[in-house]
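Chemist: Got a sequence here, can you model it:
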Amino acid sequence: SLCGNLAVLLLFLSPLMHSHLFARASTSSPSITRKKAINVEHFTIVNPNTDYDDFSIVHEVVPSAKSPRLNSEVVNTPCEYNSCLENQEPCEMIKAREGCLCPGVSDEDSPPHAPRIETLRPITTGENAGKIEVQWCAPDSVVSSYKVTVEGSGNDLEFGDGARRATVGSLEVGTKVCVEAINKAGHSSYSDFSCKRYERPESLELQLLAGVIGGGIVLILLLIIVAVVLCRRKMCQKAQRESGGGLGNPSYKSERAS
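Modeler: Now for the predicted structure:
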């Protein structure tokens, strides 16, 4: 009966002992370690010095130290555009091609600024000899055409936006010539630099005569200076001779006396 009781007791305790041993074995078994994975811009780095009981992936974005890209400095220089030249390439096209700066231009919905007359030049050769050529510079505005007005003539001459010169008839001295700029918003107003009075230039003969007179005056002054210098030199030499002759030779006189 004792053996039977022990057998029954072992049968009763065997499941408890089995579960206890299984739990102890499970707790005493080494834990599963996971390595920390760091994703650094398309590269995976495993840190072996850090253990984790639970598997986890940590994404850490580490910014790379890139050297800043040096942007080339664009030097803003004025475009090679001359507003006084005729039929040249528009400044906006030069700007688009070369990246330069154009002068500020007023809006096309505003009346243009006044152009500037450069000169009223008489024509001396060719079929237009005896006439006057008007030259002007374009304003910093949108211009569709130009109008040249001659005082007292009653005839206005119109030219395209690329024109910078016009030929008018012979003018009397003091005749006023004006140039207007026109666009769809209106026309420019007259100003001191968009109008100019014709003044007869000096002829070539007068310029040559003035040069000959000036050269003659300079030559006469040079001759006078040379004559004065020579006269003073001769006077000095004469004074030296007279002073030498008046004193004589004292040693010569003493020898004759003896």
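Chemist: As a check, name the ranges of all strands in this structure.
Modeler: 34-40, 43-52, 116-122, 132-137, 145-150, 156-160, 165-168, 176-183, 186-187, 195-197 (DSSP state E).
Chemist: Tell me the bridge partners for P78.
Modeler: P78 has these beta-bridge partners by DSSP bridges: L101.
Chemist: If you tally nearby residues, what's the number for it?
Modeler: Residues near P78, counting by other CB atoms under 10 Å, number 10. Heads up, the C-betas are built off the backbone N, CA and C, glycines and all.
Chemist: Model confidence at it, what's the number?
Modeler: At P78, the model reports a pLDDT of 88.
Chemist: before we move on, what about S188?
Modeler: So S188 comes in at 94 (pLDDT).
Chemist: Same question for N39.
Modeler: Note on N39: pLDDT of 45.
Chemist: same check, this time on H18
Modeler: 55.
Chemist: re the thing from before, of the strands of the chain, which stretch is the most buried?
Modeler: strand 176-183 (a mean of 21; mean count of other CB atoms under 10 Å).
Chemist: and E108, what is it in contact with?
Modeler: Contact analysis of E108 by CB atoms under 8 Å, 6 or more residues apart in numbering lists V142, N183, K184, A185.
Chemist: Surely D156 and K147 touch.
Modeler: Yes: counting by CB atoms under 8 Å, D156 touches K147, with 5.4 Å between them.
Chemist: Could I get the strands of the chain in JSON lines, plus columns for distance to I94?
Modeler: Below are the strands of the chain laid out as JSON lines (distance: least, CB to CB, whole Å):
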{"stretch": "strand 34-40", "distance to I94": "50"}
{"stretch": "strand 43-52", "distance to I94": "50"}
{"stretch": "strand 116-122", "distance to I94": "21"}
{"stretch": "strand 132-137", "distance to I94": "17"}
{"stretch": "strand 145-150", "distance to I94": "21"}
{"stretch": "strand 156-160", "distance to I94": "20"}
{"stretch": "strand 165-168", "distance to I94": "22"}
{"stretch": "strand 176-183", "distance to I94": "21"}
{"stretch": "strand 186-187", "distance to I94": "27"}
{"stretch": "strand 195-197", "distance to I94": "29"}
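Chemist: which one of those lies closest to K95?
Modeler: For K95, the closest of the strands of the chain is strand 132-137, at 19.2 Å, according to CB to CB.
Chemist: partner strands of that closest one, parallel or antiparallel?
Modeler: Strand 132-137 pairs in its sheet with strand 116-122 (antiparallel), strand 165-168 (antiparallel), by DSSP bridges.
Chemist: Can you convert those into CSV and add a column each for mean pLDDT and distance to D192?
Modeler: Converted to CSV, those look like this (pLDDT from 0 to 100; distance: least, CB to CB, whole Å):
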stretch, mean pLDDT, distance to D192
strand 116-122, 93, 10
strand 165-168, 94, 20
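Chemist: All set now, cheers.
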